[in-house]
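Novice: Need the 3D shape of this:
(one chain, ligands or ions: 1)
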Amino acid sequence: MAGYLDARPRVGYFYTGKSGSQLLADKVKHITVNDYQSRPVVVQQSVSVYDAICTMFLEDVGTLFVVDANNTLVGVLSRKDLLRASLGKQALESIPVSIIMTRMPNITVCKKEDLIIEVANKLIDKQIDGLPIIEEVDRGSGFEVIGRITKTNITALLVDLANDEVI
Ligand code: ADP
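Specialist: Below you'll find the predicted structure:
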């Protein structure tokens with residue numbers, strides 16, 4: 001009966017008046033990125049498109065985050081970014097990913113304390129598959145990538161909700 005009934009001292013149990021869907025909405029609105037994140041996969045901005053494709057296959061991810069020599073986030077690479085670069089006749093070993101990536105400041109990011117529902121809204125609004133979870137480094141000089149949140153994580157949340165496995 002979690003959520004349907006509440007208790008007050010000297011009153012006892014009483015009906016909260018909330019419907020099942022209201023209770024579900026309340027639950028979802030408390031879940032943060034921290035509860036449903038994945039490990040980020042990053043590449044240096046100097047690596048070639050060829051090496052990035054290999055990394056994407058080997059690490060079994062759909063989005064790579066690109067960092068500079070200080071490990072600061074500078075770009076994002078999606079599957080289609082790499083496919084597009086592969087369409088021409090260029091030697092993929094000689095094209096650095098920095099030429100084809102989506103770069104800062106145009107990257108949509110989130111923090112680990114953000115609500116997962118806000119991330120879901122960003123994914124739909126921007127029509128992208130995932131976001132880097134970032135932490136600010138050296139007071140505004142850039143962002144370190146500490147995690148990754150994707151449509152797959154949101155799907156895992158949906159399954160947990162259906163199985164009533166969300167705390
Ligand atoms: P795909 O292109 O494989 O369908 P996405 O929909 O995630 O994958 O990416 C669409 C475009 O948006 C790509 O050019 C990619 O570089 C860019 N992109 C992906 N993630 C982000 C992000 N978090 N912020 C900004 N741009 C992104």
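Novice: who in the chain is up against the ligand?
Specialist: By CB under 6 Å from any ligand atom, the residues of the chain that approach the ligand are 63, 76, 78-81, 102, 106-108, 127-129, 131. For glycine as for every other residue, the C-beta is placed from the backbone atoms N, C-alpha and C.
Novice: Could you report the neighbour count for the closest residue in space to residue 92 that isn't next to it in sequence?
Specialist: The shortest distance from residue 92 to any non-neighbouring residue, by CB to CB, 6 or more residues apart in numbering, is to residue 50 (3.9 Å). Residues lying near residue 50 (other CB atoms under 10 Å) number 17.
Novice: what about residue 50, which helix or strand?
Specialist: helix 49-59 (DSSP states H and E).
Novice: Quick one: distance of the helix or strand of the chain with the lowest mean pLDDT to the chain centre.
Specialist: Least confident element among the helices and strands of the chain, by mean pLDDT, DSSP states H and E: strand 12-15 (a mean of 77). Centroid separation for strand 12-15 versus its chain: 40 Å, with CA atoms, centre = their mean, to the nearest Å.
Novice: Listing partners with orientation, what would you give for it?
Specialist: With DSSP bridges as the test, strand 12-15 is paired with strand 5-8 (antiparallel).
Novice: Can I get the partner strand in PDB, CA atoms only?
Specialist: Extracted in PDB, the C-alpha atoms of strand 5-8 (Å, rounded to 0.1, in the frame of the first residue of the first chain):
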ATOM      1  CA  LEU A   5      -1.800   5.300   2.900                       C
ATOM      2  CA  ASP A   6       0.100   7.600   5.200                       C
ATOM      3  CA  ALA A   7       0.400   7.700   9.000                       C
ATOM      4  CA  ARG A   8       0.300  10.600  11.500                       C
END
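Novice: pLDDT (mean, whole number) over that strand?
Specialist: Strand 5-8 comes out with an average pLDDT of 80.
Novice: Give me the residues contacting that strand.
Specialist: Contacts to strand 5-8, defined as CB atoms under 8 Å, 6 or more residues apart in numbering, come from residues 13-16.
Novice: Most neighbours out of those residues, which is it?
Specialist: Top of these by neighbour count (other CB under 10 Å): residue 16, with 13 neighbours.
Novice: Spatially nearest residue to it, not counting backbone neighbours?
Specialist: residue 6 (5.1 Å).
Novice: Which strand residues bridge that neighbour?
Specialist: residue 14.
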